[in-house]
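Enquirer: Below are the sequence and a predicted model for it; my questions follow.
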Amino acid sequence: MTEHILDTLGLREAAGTEALDAGTKTFVPVHVGTQDVPVGTVLDALDADPALLPPRTGHLGNWEDIAAGRSGPMDFNTAICGGGWGYPLIYGFTRTEAETEGGDEAYQPGSLIDQGKRHTLPLYTWDGTGFARRDRGKALFCPLVQAEVDGQLVPLVDLHWQRMLALPGRYRFKQWAAPLTANAPLVTDMLTLLLEQAAAQGRNQAFAELISQAVRLDGEVARCDLRPDGTGYRLDGHHYPSARALAETVMLAVRALVEPAEFFARLPELPPVLPVMSLQLTNVLFALLDTHHPDTPAGAPESPFITHLHWGARAMAGCPPRRGGYLSRRSTVRSLRAITDPLVRHFDEASPTAFVLLPAQAFMLCPPSTSPDDTEVLAELFRSVRAAGPEASYDTTLTWLDGNRDRLSDYLRGRFRTGSGVPADGTPRDPAVPVQPEGFRELTFRQACGAVAAFEEVLG
């Protein structure tokens, strides 16, 4: 049970627990970056509950320099996961970096990066008769890609996964797909119900809330056209005879992440186009499958509602007030409730959910141990921010940066450049650990996010 955490953090009112208790709302997001909860209060609460460990949903790709604390903007992963306040839950439905948009430029899964040096991998996908080498003209769906290593083709997913597992330290990597495949009958039943209800609604958006994209066997992925077709469904021209058949095919791509060799062995017999589970449904399943208790045996769901804590980064949580992230947008919340409403009504394994979103980017304010001068300079900023009041952090930091940005190291300033990811510029950097400057724990998450937002505005 994690409901107690709402009392500890003073978030019961923000979570609307009366509505959750009564079941009149089945999904309520609580963005901690808009709340006056001190950073230290959250970290202490996590330390006090050894069973509670929020996932930090990082991507498949290059974690070697993240674990070494020299990954630029991605060092917030180092602070959270290396500090024991979260664990890396690896989301693999991403695309290789490419000359065109749509690839994952932050984690660069189509390459190997270590000590700042990038080695571009030869990538291969299915062409109908065998695996053909691909250029970098298009971003490719990682679960359907193989890489050439030492003259052999290996699943790209497995290549990165084995490298992650070999990393030292407190990094307890888990696959996002693992709890879905472990609960495959339940997830399939849930998706079958949701697809049937979407067909009955006659609302095109209802399908997009469940299946957002389709991937061809050559790894090219795009938004899809999914609609009822008699008693079945048609996805980009391919007919599925029933909602269950479509739901079972959705799980094929999920299973490719945890059983890649088996997936590629049967690839020639698969349908020509595979449905890809949406991010909205993924976020619901994060909570319903209890990913915030990664080491607790599966049991009955929390009651009367689930309190799910989750470390979200730049896309999911953003940094208020400049960017709020996608999860708390009204349109997203409507979609999430459209998913949770029927699941709560029809499945004992589902409960209303308070989704407590912890903004990982706050830790971008923690410089590496190799930059002690940054630690002192940021402590000065934090004193100014705390003195200015909870709502003034953004403006206070903008003013402070106007006169002090050049006192910060190039490395720290580089964290906030737009589009930056794991550095691959070839610059050698020593391993480091993130350091919390004096006053960091006393900042509220709202103040920390306001400061990061100002850094992004000035340095992005």
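Expert: Ah, there it is. Residues are numbered from 1 along each chain as shown.

Enquirer: What values do phi and psi take at the residue lying closest to residue 108 once chain neighbours are set aside?
Expert: Residue nearest to residue 108 in three dimensions, not counting chain neighbours: residue 97, with 4.9 Å by CB to CB, 6 or more residues apart in numbering. For every residue, glycine as well, the C-beta is placed using N, CA and C. Reported as degrees, to the nearest 10, the phi and psi values for residue 97 are phi -70, psi 150.

Enquirer: and if you look at residue 112?
Expert: Summarising the backbone geometry of residue 112 under the convention degrees, to the nearest 10, its torsions are phi -110, psi 130.

Enquirer: Kindly provide the distance from the residue nearest to residue 108 to residue 421.
Expert: To residue 421, residue 97 is 9 Å away according to CB to CB, to the nearest Å.

Enquirer: So residue 438 sits against residue 381, correct?
Expert: No - using CB atoms under 8 Å, residue 438 makes no contact with residue 381, being 10.8 Å away.

Enquirer: higher neighbour count, the two?
Expert: Just comparing residue 438 and residue 381: by other CB atoms under 10 Å the higher neighbour count belongs to residue 381, 23 against 13.

Enquirer: any chance you could read off phi and psi for the closest residue in space to that one that isn't next to it in sequence?
Expert: In this structure, residue 381 finds its nearest non-sequential neighbour in residue 400, 5.3 Å apart by CB to CB, 6+ apart. Here is the backbone geometry of residue 400 (degrees, to the nearest 10): phi -60, psi -40.

Enquirer: so how far is residue 377 from residue 400?
Expert: Here the criterion is CB to CB. By it, residue 400 lies 10 Å from residue 377.

Enquirer: For the closest residue to residue 313 other than its chain neighbours, which residues are in contact?
Expert: Sequence neighbours aside, residue 360 is the residue nearest to residue 313 in space, at 4.6 Å (criterion: CB to CB, 6+ apart). Taking CB atoms under 8 Å, 6 or more residues apart in numbering, we find residue 360 in contact with 56, 76, 77, 80, 311, 312, 313, 317.

Enquirer: so residue 420 sits right up against residue 411, yeah?
Expert: No - under the criterion of CB under 8 Å, residue 420 is not in contact with residue 411, lying 11.2 Å apart.

Enquirer: Which one of these two is surrounded by more residues?
Expert: Using other CB under 10 Å, the more surrounded residue of residue 420 and residue 411 is residue 411, with 19 against 16.

Enquirer: tell me which residues in the helix or strand containing the more buried one are buried?
Expert: Secondary-structure element containing residue 411, defined by DSSP states H and E: helix 410-414. Buried residues in helix 410-414, defined by neighbour count with 16 or more other CB atoms under 10 Å: 411, 412, 413.

Enquirer: go on, stretch 413-428?
Expert: Counting neighbours by 16+ other CB under 10 Å, the buried set in stretch 413-428 is 413, 415, 416, 420, 421, 422, 423, 424.
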